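> no sequence for this one, just the structure:
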């Protein structure tokens, strides 16, 4: 499951342009609320993106990947482990987003995430 969250292109389509409202996707996200306790992806300033897992019993988080990203409208470009990906971010309210990996074919190119924090 962690590979899916960490390896999928991170971006979302937006009903409201991301450029118009800042970066509403900043924060920590997971596939569902229960998984927020186990694994998360994050976006934070200044233009940092990554993934992390909970350390068992420690109450802390271990960062698995962290990289910079570039944003052009609602399309984000980043590289992890030498692989560059482009994703479109679509916000669905403030606590849900969809990431569409523009380098993959449907139906395996999109994932929905919920806000953990």
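Alright, I've got the coordinates. Note that the structure is a prediction, hence the values are computed from the model and not measured.

> pLDDT below threshold where in the chain?
1-22, 57 (pLDDT under 70).

> show me where it has its strands.
27-30, 39-44, 48-55, 60-72, 75-80, 83-91, 96-101, 110-115 (DSSP state E).

> possible to save those strands as a markdown table with mean neighbour count?
Any C-beta I mention is one placed from the backbone N, CA and C, and that applies to glycine too. What follows is the strands of the chain, written out as a markdown table (neighbours: other CB atoms under 10 Å):
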| stretch | mean neighbour count |
| --- | --- |
| strand 27-30 | 20 |
| strand 39-44 | 21 |
| strand 48-55 | 17 |
| strand 60-72 | 13 |
| strand 75-80 | 18 |
| strand 83-91 | 19 |
| strand 96-101 | 21 |
| strand 110-115 | 19 |
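
> isn't residue 81 up against residue 67?
No: counting by CB atoms under 8 Å, residue 81 does not reach residue 67; the two are 9.1 Å apart.

> tell me who's in contact with residue 43.
10, 23, 25-27, 49, 69 (CB atoms under 8 Å, 6 or more residues apart in numbering).

> quick check: the farthest pair among the residues you listed?
Within the contacts of residue 43, two members stand farthest from each other by CB to CB: 27 and 69, at 14.4 Å.

> list phi and psi for the spatially closest residue to residue 68 that is not a sequence neighbour.
Nearest residue to residue 68, sequence neighbours excluded (CB to CB, 6 or more residues apart in numbering): residue 47, at 5.4 Å. Main-chain dihedrals, residue 47, degrees, to the nearest 10: phi 50, psi 50.

> mind listing what residue 47 touches?
Per CB under 8 Å, 6+ apart, neighbours of residue 47: 68-71.

> repeat for residue 84
77-78.

> beta partners for it?
residue 79 (DSSP bridges).
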